[in-house]
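Asks: Provide a 3D model corresponding to the input given below.
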Amino acid sequence: MGFMNRRSFLKTTCAVSAGLAINPLSSFSDMNESKPNIIMVLVDDLGYGDLSCLGAKDMRTPHIDNIARQGMTFRNFYANSPVCSPSRASLLTGKYPDHVGVPGVIRQEEEHSWGYLAEHAITLPQVLNDLDYHTAMIGKWHLGYEKPNTPNGRGFKHFKGFLGDMMHDYWTHLNKGVNWMRYNDSIIEPEDQKGHATDLFTDWAIDYLNERKGRQEPFFLYLAYNAPHFPIQPPPEWLDKVNQREKKITDKRAKNVALIEHLDFSIGRVMQALEKTGLDENTLIIFASDNGGALEYAQSNGALRGNKQEMYEGGIRIPTYAMWKGRIEPGSATENVGMLMDLCPTLCEIAGNDSLHPFDGISLLPTLLGKQQSTDDRYLFWVRREGWRYGGQAYYAARYKDYKILQNSAYEPMQFFNIGEDDLEKYPLAPENNKHYETLKNALQEHIRLSGKVTWQQGEE
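Replies: Numbering: from 1, shown residues only. Reported below is the predicted structural model:
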């Protein structure tokens, strides 16, 4: 199904998606208020212990901390996968990643790529375009290299950033010698992209905000940094600052701290530009990471067990904050469970979407506005498919309320935990004759059956 049929698709799915529908944002429309601008800041591999507001004693992150202080902290927020592409697919579609063709990491080498964003999947910028938003993306895409799976091909009116999965150098911006930097569909030549990648993305975001100043049209800016993903390459002056301050820090940890502090400073620059343009008065800012931190690079997931690539809490629970003047109570926090796929229906509702859409995620707007909402009375699933030592097999986790099953490889049995009583996952439960385990296993089996209907690997006929 092509993109031109999007409106008719939304209408024809109303009847079958009533339980997951989005209703108009009546509280805003009744007050005749203008639609808010939206900025979604997504960072890469930021662990649950790598901000000063999360307890990092060797870290100074005042600007991200300020988003938390001026808004809401989500204490139980999750990526949809312990790796990049699947989480990004869920963020932009409101669907489980294996329901839209992205169970694993999309890479530039065909033999190492484990996903293809389904052409029938409706994306957040497509919906917002229909709601009269100007949609822009700055930074890391990681959902495809060619049309239709480029940012412009999937709905963004403005794109300036990096198509690839990772930069092997923050200064040359190359991925194994390939330049994936683009301005819309045009290559950005090396002489036009000088500097550290975090600085470039920040400059481009500020340019965009300055361009939107004074316009009546609301905007959605998806600002996706590739920091602090390895290679850990902070600007030298930031590393010097950390080494001078933290006398007992290891070289590896110092580099990671410096890269994150530089990232925090850059986000602060964006927030200052937002305030300077006056756009901050009616802008929702959401900050999140795409998965947990990589321990081998001296990143920290706090007390949580596990690592990027693992289904333990350390691999999938992510720092998440939302700030919105006059709407979200400053200094508030919620224990409600959320996932990246919930942000798409949330933002669609905030923007005033009056079409029903079959999201897997739910709108968290009641939670943001401080209203009563139950978010854990649903089955939640995580997936990753990978090659190499994983053999092309997918591995999973599933959760219902406090109970969770997980595996970190398709070749190992499921582990079973009560996260409510043991969120550090120290004490696995015996699965035998346990109704909660059987229910979760059966629910996951049905999820896998349904996701098997999705053609995600494009081979020759």
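Asks: in this structure, which residue is most central in space?
Replies: By C-alpha atoms, centre = their mean, the chain has its centre lying nearest to residue 290, at 4.2 Å.
Asks: so that residue versus residue 353, what's the distance?
Replies: Separation of residue 290 from residue 353 (C-beta to C-beta, to the nearest Å): 24 Å. C-beta: built from backbone N, CA, C; applies to glycine.
Asks: sec struct for residue 209, please.
Replies: helix (DSSP: H, G, I helix; E, B strand; the rest coil).
Asks: and after the lengthiest helix in the chain, which helix or strand comes next?
Replies: Ranked by residue count, the top helix of the chain under DSSP state H comes out as helix 251-276. Next along the chain after helix 251-276, taking DSSP states H and E as the criterion, comes strand 283-289.
Asks: and that following strand, C-alpha only, in CSV?
Replies: Output of strand 283-289 as CSV, limited to C-alpha atoms (Å, rounded to 0.1, in the frame of the first residue of the first chain):
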residue,chain,number,x,y,z
THR,A,283,6.8,23.8,23.1
LEU,A,284,6.8,20.3,24.5
ILE,A,285,10.2,18.8,24.9
ILE,A,286,10.8,15.1,25.3
PHE,A,287,14.2,13.6,26.0
ALA,A,288,15.0,9.9,25.8
SER,A,289,17.6,7.3,24.8
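Asks: can you list the low-confidence ranges for the stretch 201-350 of the chain?
Replies: The stretch 201-350 of the chain contains no residues with pLDDT under 70.
Asks: quick check: the closest residue in space to residue 414 that isn't next to it in sequence vs residue 431, distance?
Replies: In this structure, residue 414 finds its nearest non-sequential neighbour in residue 405, 4.5 Å apart by C-beta to C-beta, 6 or more residues apart in numbering. For residue 405, the distance to residue 431 equals 8 Å [C-beta to C-beta].
Asks: residue ranges of the helices in this structure, please?
Replies: With DSSP H as the criterion, the chain has helices spanning 6-12, 26-29, 62-69, 84-93, 124-130, 197-212, 236-245, 251-276, 313-316, 340-351, 365-368, 435-451.
Asks: so can I have a markdown table of those helices showing mean neighbour count and distance to residue 113?
Replies: Shown next, in a markdown table, are the helices of the chain (neighbours: other C-beta atoms under 10 Å; distance: least, C-beta to C-beta, whole Å):
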| stretch | mean neighbour count | distance to residue 113 |
| --- | --- | --- |
| helix 6-12 | 14 | 26 |
| helix 26-29 | 13 | 41 |
| helix 62-69 | 19 | 32 |
| helix 84-93 | 29 | 9 |
| helix 124-130 | 22 | 23 |
| helix 197-212 | 20 | 22 |
| helix 236-245 | 15 | 33 |
| helix 251-276 | 21 | 27 |
| helix 313-316 | 29 | 21 |
| helix 340-351 | 25 | 21 |
| helix 365-368 | 22 | 35 |
| helix 435-451 | 15 | 18 |
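Asks: could I get these in JSON lines, plus columns for distance to residue 105?
Replies: Compiled in JSON lines, the helices of the chain are given as follows (distance: least, C-beta to C-beta, whole Å):
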{"stretch": "helix 6-12", "distance to residue 105": "27"}
{"stretch": "helix 26-29", "distance to residue 105": "38"}
{"stretch": "helix 62-69", "distance to residue 105": "26"}
{"stretch": "helix 84-93", "distance to residue 105": "5"}
{"stretch": "helix 124-130", "distance to residue 105": "21"}
{"stretch": "helix 197-212", "distance to residue 105": "19"}
{"stretch": "helix 236-245", "distance to residue 105": "28"}
{"stretch": "helix 251-276", "distance to residue 105": "21"}
{"stretch": "helix 313-316", "distance to residue 105": "14"}
{"stretch": "helix 340-351", "distance to residue 105": "16"}
{"stretch": "helix 365-368", "distance to residue 105": "30"}
{"stretch": "helix 435-451", "distance to residue 105": "17"}
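Asks: which one of those helices lies nearest to residue 325?
Replies: helix 251-276 (10.4 Å; C-beta to C-beta).
Asks: using CSV, list the CA coordinates for stretch 338-355.
Replies: These are the backbone C-alpha positions of stretch 338-355, laid out as CSV (Å, rounded to 0.1, in the frame of the first residue of the first chain):
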residue,chain,number,x,y,z
GLY,A,338,5.9,3.6,29.1
MET,A,339,7.7,2.6,25.9
LEU,A,340,9.1,4.5,23.0
MET,A,341,6.2,3.3,20.9
ASP,A,342,3.9,5.2,23.2
LEU,A,343,5.3,8.5,22.1
CYS,A,344,3.9,8.4,18.6
PRO,A,345,0.2,8.1,19.7
THR,A,346,0.9,10.6,22.5
LEU,A,347,2.3,13.2,20.1
CYS,A,348,-0.5,12.6,17.6
GLU,A,349,-3.1,13.2,20.3
ILE,A,350,-1.4,16.4,21.5
ALA,A,351,-1.3,17.6,17.9
GLY,A,352,-5.0,17.1,17.6
ASN,A,353,-5.3,13.9,15.5
ASP,A,354,-8.9,13.1,14.9
SER,A,355,-8.3,9.9,12.9
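Asks: nearest residue to the residue nearest to the centre of the chain in space, please, no chain neighbours.
Replies: With C-beta to C-beta, 6+ apart, the residue lying closest to residue 290 is residue 87, at 4.4 Å.
Asks: in contact with that neighbour, which residues are there?
Replies: Residues counted as contacts of residue 87 (C-beta atoms under 8 Å, 6 or more residues apart in numbering) are 79, 80, 81, 97, 290, 291, 340.
Asks: how does it look with 6 Å?
Replies: 79, 80, 81, 290, 291, 340 (C-beta atoms under 6 Å, 6 or more residues apart in numbering).
Asks: same deal with residue 294?
Replies: Residue 294 neighbours (C-beta under 6 Å, 6+ apart): 45, 308.
Asks: distance-wise, check it relative to residue 407.
Replies: 19 Å.
Asks: just residue 197 next, same as before
Replies: Going from residue 197 to residue 407 by C-beta to C-beta gives 34 Å.
Asks: common neighbours of residue 405 and residue 431, please.
Replies: residue 416.
Asks: higher neighbour count, those two?
Replies: Taking neighbours as other C-beta atoms under 10 Å, residue 405 and residue 431 compare with residue 405 leading, 24 against 16.
Asks: any idea how far residue 282 is from that one?
Replies: 43 Å.
Asks: repeat for residue 391
Replies: The value you get for residue 391 to residue 282, if C-beta to C-beta is used, is 50 Å.
Asks: with residue 127 instead?
Replies: Counting by C-beta to C-beta - residue 127 and residue 282 are separated by 20 Å.
Asks: residue 364 now?
Replies: According to C-beta to C-beta, residue 364 stands 19 Å off from residue 282.
Asks: who has more neighbours, the two?
Replies: Between residue 364 and residue 282, counting by other C-beta under 10 Å, residue 364 is the more crowded of the two (27 against 16).
Asks: pull the contacting residues for the more buried one.
Replies: 338, 342, 346.
Asks: turn these into CSV, columns for distance to residue 302.
Replies: Conversion of the contacts of residue 364 to CSV gives the following (distance: C-beta to C-beta, whole Å):
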residue, distance to residue 302
338, 18
342, 22
346, 25
